[in-house]
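Chemist: Sharing a model prediction with you, sequence too.
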Amino acid sequence: MKYQTVIGLEVHLQLNTKTKAFCGCSTDFGKAPNSNVCPVCLGFPGSLPVYNREALNSAIKLALAFGCQIQEHTKFDRKNYFYPDLPKNYQISQYDLPLSRNGYLDIHVQDQPKRIGITRVHLEEDAGKLIHEANESLVDFNRTGIPLLEIVSEPDLNSPQEAFDYLTSLKNIIGYLDVSDCDMEKGSLRCDANISLRLQGAKELGVKAELKNMNSFKGVKDALTFEVERQTQLLETGEQMVQETRLWDVEKGVTVAMRTKEGAKDYRYFPDPDLTVFIIDQSLISRIKKELPELPQEKVARFVKEYGLSEYDAKILTCTKKNAEFAEKCIQVYPGKDKKEIVNWLIGPLLSEANLRKIELYELKINIKELINLLGFVQRQEISYLSAKIVLNQLIDSQKSTHDLIREGNLQQISNTDALTQIIETVIQENAKSVSDFKAGKTNALMYLVGQVMKKSSGKANPKVVGELIKGRLS
Amino acid sequence: MSIDKETINHVAHLARIELQPNELEKLSGELHAILGFIDKLSNLNVEQVKPASHILPISNVLREDQPHISLFPQKALENAPSKKGNFFSVPKIIE
Ligand SMILES: [Zn+2]
């Protein structure tokens, strides 16, 4: 490849505090327009903002989870601009003394770990919501002042896929911290992307475009992929590139230059005189550090070490904290040292059942003891794997025991030779071709015949016994 | 420190105010005087003074995450120059 892609991401994250950043208005979603507002978040003269302790703690927690250095001295600044969703005509944000700097997040590129730098995590507040009508724009200030974190990455990402993986991993980690809903569709997580291209090996960065208006991780990846193409063509034809903001049009699958007035980005930051400085002392940092949960990467390593899981399986089961907790409970209750069986059931049939119901693994209403019982029936060859999957389906949302369900469904595995011989005779008669194939040495034919017996027995026949019986009968 | 008309026009644009030519003339004189007055600060010896971003020597003023009672929408909208239902209404914004 002639050009190297350089991407940096800016993520805005709503914190899940009960109240807004600088006032006691509720952060509840979906309330009547302009009902979660007060003089502070409406920017009335004489009102005084005071920052939310919980928001500060959550912010420190998140910054620490990404290995950031918490700054000892931090303050709020005013970022000045005019827009109707901003009642004060400035956003309270942080400029030269952000809460934290120099963190990182590890992703995997072709199975190799790659460290992506996090420049800073700083505190700010959300703006309101605009609804554009034919002749006017309507403003709802319910969202105004909800605490946000801005998480800025270094330009260390070199492909749209890496950007996607970074966001996925970021979301997983934040999910473990329980500081945000992280829902891009609800707007609690938003992402802007800076992207430029340069000749491989070049030191200087190329002219960048800032991409906005993506509302899913896939949207971010698609917009970046489009932009790589567009910028490559511009560079190849020698056209002049301009630094600009471009909006992703999801319908058309293109980015479009945004018209902005000259000088609009002159934010004239200055310290907000309404808010005091913050001195973050070591004792607070170490207290919050102690409260940090085991993070996904650590959990994967532990699952591999303690329970002998493959890294692949461990990653699937630790995607969210709640799934990981559910999986670990199952693994612990499962008797014996070798956990392969229960893990295969979690990743196979149980995950399928969850997907079928469009819920998460941990949300499956299943008695773990009964699940383990079910696996026991399969291991003792008292029911077939096929029947066990049927029982599993019934076990979920049910008060009944595995034992009762097997008995009610008449699913006990048939290993009894007399009972099986009859079915086998019928199958042999009906499948002359396969029989002669088998006799000619085609082993696949045996599997087909066993399959036919399974079918006729409604999945209840013991496939191992059937195989042996057929082999004996035909040799 | 002097201030030219271009700067005043730029600041006026950022503040979303429109200036008449005579106002521009008047303001450039006034702002010049104001900046000159503030410039006096640079003559002070502040070597012994710690940089501060707040007027009081206090820090870490925080509030607990407890909800208060918000305004009723009618109250919040009471002084709005224009409204529609529960919304504030503004001239159409297109970006
Ligand atoms: Zn408020």
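Modeler: Arrived safely, thanks for sending.
Chemist: what about the residue in the stretch 201-350 of chain A that the ion sits nearest to, how many neighbours?
Modeler: Residue of the stretch 201-350 of chain A nearest the ion, by Cβ to the ion: residue A:274 (14.0 Å). (Each C-beta comes from the backbone N, C-alpha and C, glycine too.) For residue A:274, the count of nearby residues is 15 (other Cβ atoms under 10 Å in any protein chain shown).
Chemist: Tell me the secondary structure at it.
Modeler: The assignment at residue A:274 comes out as coil when based on DSSP: H, G, I helix; E, B strand; the rest coil.
Chemist: list the contacts for residue 88?
Modeler: Since no chain was named, I'll use chain A. Going by Cβ atoms under 8 Å, 6 or more residues apart in numbering or on different chains, residue A:88 touches residue A:43.
Chemist: wait, I meant chain B there
Modeler: A:34, A:84, A:138, A:139, A:140, A:141, B:77, B:80, B:82.
Chemist: Was I right to think the first one contacts residue B:76?
Modeler: Yes: the criterion here is Cβ atoms under 8 Å, and residue A:34 meets it with residue B:76 at 5.2 Å.
Chemist: Which residues are in contact with each of the two?
Modeler: Residues touching both residue A:34 and residue B:76 (Cβ under 8 Å, 6+ apart) are residue A:141.
Chemist: Show me which of these two is the more surrounded one.
Modeler: Between residue A:34 and residue B:76, residue A:34 has the larger neighbour count (other Cβ under 10 Å), namely 28 against 24.
Chemist: Next, work out how far apart the closest residue to that one other than its chain neighbours and residue A:436 are.
Modeler: Nearest in space to residue A:34, with sequence neighbours left out and distances taken as Cβ to Cβ, 6 or more residues apart in numbering or on different chains, is residue B:73 at 4.6 Å. Applying Cβ to Cβ, to the nearest Å, the value for residue B:73 to residue A:436 is 83 Å.
Chemist: which of the two has more neighbours?
Modeler: Between residue B:73 and residue A:436, counted using other Cβ under 10 Å, residue B:73 has the larger neighbour count: 21 against 12.
Chemist: okay, and for chain B, where does confidence drop off?
Modeler: Where chain B drops to pLDDT under 70, the residues are B:1-2, B:94-95.
Chemist: how deep is the residue in it positioned nearest to the ion tucked in, by neighbour count?
Modeler: The minimum distance from chain B to the ion, using Cβ to the ion, falls at residue B:70 (6.1 Å). Other residues near residue B:70 come to 24 when the count uses other Cβ under 10 Å.
Chemist: hang on, it in a strand?
Modeler: No: in this structure, residue B:70 is coil, not part of a strand, as judged by three-state DSSP.
Chemist: Need the pLDDT of the residue of the stretch 201-350 of chain A closest to the ion.
Modeler: On the pLDDT scale, residue A:274 is placed at 95.
Chemist: For residue B:51, state which of the contacts of residue B:88 is nearest.
Modeler: For the contacts of residue B:88, the residue nearest residue B:51 by Cβ to Cβ is residue A:141; the value is 34.4 Å.
Chemist: Tell me how many other residues surround that closest one.
Modeler: Counted by other Cβ under 10 Å, the residues lying close to residue A:141 total 25.
Chemist: nearest spatial neighbour of it, skipping sequence neighbours?
Modeler: For residue A:141, ignoring the flanking residues on the chain, the nearest one in space by Cβ to Cβ, 6+ apart is residue A:128 at 4.3 Å.
Chemist: Around that neighbour, count how many other residues there are.
Modeler: Using other Cβ under 10 Å: residue A:128 sits among 23 other residues.
Chemist: show me the residues around it that make contact.
Modeler: Contact analysis of residue A:128 by Cβ under 8 Å, 6+ apart lists A:84, A:85, A:86, A:87, A:139, A:140, A:141, A:142, A:143, A:144.
Chemist: Can you verify my assumption that residue A:459 contacts residue A:384?
Modeler: Yes: counting by Cβ under 8 Å, residue A:459 does reach residue A:384; the two are 5.5 Å apart.
Chemist: between these two, who's got more neighbours?
Modeler: Remark: of residue A:459 and residue A:384, residue A:384 carries more neighbours, 24 against 18, as counted by other Cβ under 10 Å.
Chemist: how does chain A divide up, domain by domain?
Modeler: A:3-288, A:294-351, A:417-474 (automatic domain parsing).
Chemist: Make TSV out of the ones you listed and add distance to residue A:361.
Modeler: Putting the domains of chain A into TSV (distance: least, Cβ to Cβ, whole Å) gives the following:
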stretch	distance to residue A:361
domain A:3-288	14
domain A:294-351	5
domain A:417-474	25
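Chemist: number of nearby residues for residue A:324?
Modeler: Using other Cβ under 10 Å, the number of residues around residue A:324 comes to 23.
Chemist: so how far is chain B from it?
Modeler: For residue A:324, the distance to chain B equals 27 Å [Cβ to the nearest Cβ, to the nearest Å].
Chemist: How about residue 64: what's its closest non-neighbour residue?
Modeler: Picking chain A for this. Nearest to residue A:64 is residue A:289, by Cβ to Cβ, 6+ apart, at 5.6 Å.
Chemist: Chain B was what I was after
Modeler: Residue B:64 sits nearest to residue A:53 (Cβ to Cβ, 6+ apart), 5.8 Å away.
Chemist: got a list of what the one you found touches?
Modeler: If you count contacts by Cβ under 8 Å, 6+ apart, then residue A:53 has B:62, B:63, B:64, B:65 around it.
Chemist: Can you list which of the residues you listed are found in strands?
Modeler: Counting by DSSP state E, the contacts of residue A:53 place B:62, B:63 in strands.
Chemist: just curious, which of the contacts of residue A:53 is nearest to residue A:217?
Modeler: Checking those against residue A:217 by Cβ to Cβ gives residue B:65 as the nearest, at 29.3 Å.
Chemist: contacting residues around the closest one?
Modeler: Contacts of residue B:65 (Cβ under 8 Å, 6+ apart): A:17, A:18, A:19, A:52, A:53, A:54, A:55.
Chemist: cool, residue A:245 as well?
Modeler: A:209, A:210, A:211, A:212, A:257, A:258, A:260.
Chemist: again with residue A:37
Modeler: Counted by Cβ under 8 Å, 6+ apart, residue A:37 has contacts A:25, A:141, A:142, A:144, B:70, B:71, B:73, B:76.
Chemist: CSV for those residues, including secondary structure?
Modeler: CSV is the format used below for those (three-state DSSP):
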residue, secondary structure
A:25, coil
A:141, coil
A:142, coil
A:144, coil
B:70, coil
B:71, coil
B:73, helix
B:76, helix
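Chemist: what's the offset of the helix or strand harbouring residue B:88 from the middle of its chain?
Modeler: Element membership of residue B:88, judged by DSSP states H and E, is strand B:87-91. Averaging C-alpha positions (Cα atoms, centre = their mean, to the nearest Å) puts strand B:87-91 22 Å from its chain's average.
Chemist: What parts of chain B come near chain A?
Modeler: Residues of chain B lying close to chain A (Cβ under 8 Å from any Cβ of the partner chain) are B:10, B:13-14, B:16, B:53-56, B:58-68, B:70-73, B:76-77, B:82, B:84-95.
Chemist: on that earlier part again, greatest separation within the contacts of residue B:65: which pair is it?
Modeler: Pairwise over those, using Cβ to Cβ, the maximum falls at A:18 and A:53, 11.5 Å.
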